[in-house]
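K.L.:
just coords:
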């Protein structure tokens, strides 16, 4: 699917200032992706799209970001 986000990172932080990269994706071709990360302490999560789509469209489409923890 040409509209799927091609490249992105997911980062975590305890304070919203210092960020640690938990996931780096550079060549996504999936419509839905799941990324399990090692247990970590974090209060904030951010997703940064670095390549918006697999085609030439410049729009990034993120329909859902779900974070689960205990």
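P.N.:
Yep, it's here. If you're wondering where the values come from, they're calculated on a predicted model, not measured in any experiment.

K.L.:
all contacts plus neighbour counts: C-alpha atoms, from now on.
P.N.:
OK.

K.L.:
now for residue 35, how many residues are close by?
P.N.:
Here the number of neighbours of residue 35 (other CA atoms under 10 Å) works out to 10.

K.L.:
residue 4 now?
P.N.:
When neighbours are counted by other CA under 10 Å, residue 4 registers 20.

K.L.:
what's near enough to touch the residue nearest to it when sequence neighbours are not counted?
P.N.:
Once flanking residues are discounted, residue 4 sits nearest to residue 53: 5.3 Å by CA to CA, 6 or more residues apart in numbering. Contacts of residue 53 were listed using CA atoms under 8 Å, 6 or more residues apart in numbering, and they are 2, 3, 4, 5, 6, 7, 59, 60.

K.L.:
the fifth one touches residue 54, doesn't it?
P.N.:
It refers to residue 6. Yes - at 5.2 Å, residue 6 and residue 54 qualify as touching, with contact defined as CA atoms under 8 Å.

K.L.:
out of these two, which sits in the more crowded spot?
P.N.:
Higher neighbour count among residue 6 and residue 54: residue 6, with 20 against 17, using other CA under 10 Å.

K.L.:
so how far is residue 19 from the more buried one?
P.N.:
22 Å (CA to CA, to the nearest Å).

K.L.:
and if you look at residue 56?
P.N.:
The value you get for residue 56 to residue 19, if CA to CA is used, is 30 Å.
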